[in-house]
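**Student:** got a sequence here, can you model it:
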Amino acid sequence: MGTVKTVISPVGNDRGGFSLLELVFVLLLLGLSSLVVLPNIDKGLQDREVRRSAVGLAAAARDLRSRALFEGMAQQLVVDPVQNQYRAPRGLEVHLPADVKFVALEGGEIIDGGMRQFIFFPNGSSHGGLIALSSGREPVSYSVRLEPLTGKIEVLRGDKS
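**Tutor:** Now for the predicted structure:
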């Protein structure tokens, strides 16, 4: 049989540990790095909320356009910036998150109470316009552009008109 060696280190030998100064330095570095990272995480979360709202609005507009083509009847998307909501297909009212606001509405047709309606016609065209969404604290913005002749609906990041 082979021999087995057992190594026992002497008690009280702290040469392999860290000093208090080294631990404080590491904690200081972690604190400074969190000061840099946490604001970027918050901005990313805001960006995600605005983007999700814009993509949802674009999906509702695409659904209305498809229904107009399929059913042969004009469909309307009603945007209410005062109530921070829009009326989606099948009469469903969608409220935007508290941090997301309508910041610009162009095109469409103005109706009572500051609301706008965008009509999608059976031939695939629409009134056309631009609906811009932004977060309340940071200037993160997305726009939903409705092309009037082709009916194309796209989501753009930033202020691209």
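
**Student:** quick check: Leu69 touching Gly124?
**Tutor:** Yes - Leu69 is within contact range of Gly124, at 5.9 Å (criterion: C-beta atoms under 8 Å). All C-beta spots, glycine's among them, are computed from the backbone N, C-alpha and C.

**Student:** and the helices in the protein?
**Tutor:** Applying DSSP state H to the chain gives helices spanning 20-71.

**Student:** buried residues, stretch 136-153. List them.
**Tutor:** Buried residues in stretch 136-153, counting neighbours by 16 or more other C-beta atoms under 10 Å, are found at 140-146, 151, 153.

**Student:** next one: that stretch to chain centre, how far?
**Tutor:** Taking C-alpha atoms, centre = their mean, to the nearest Å, the mean C-alpha location of stretch 136-153 is offset from the chain mean by 13 Å.

**Student:** same question, stretch 69-85
**Tutor:** Relative to its parent chain, stretch 69-85 has a centroid offset of 21 Å by C-alpha atoms, centre = their mean.
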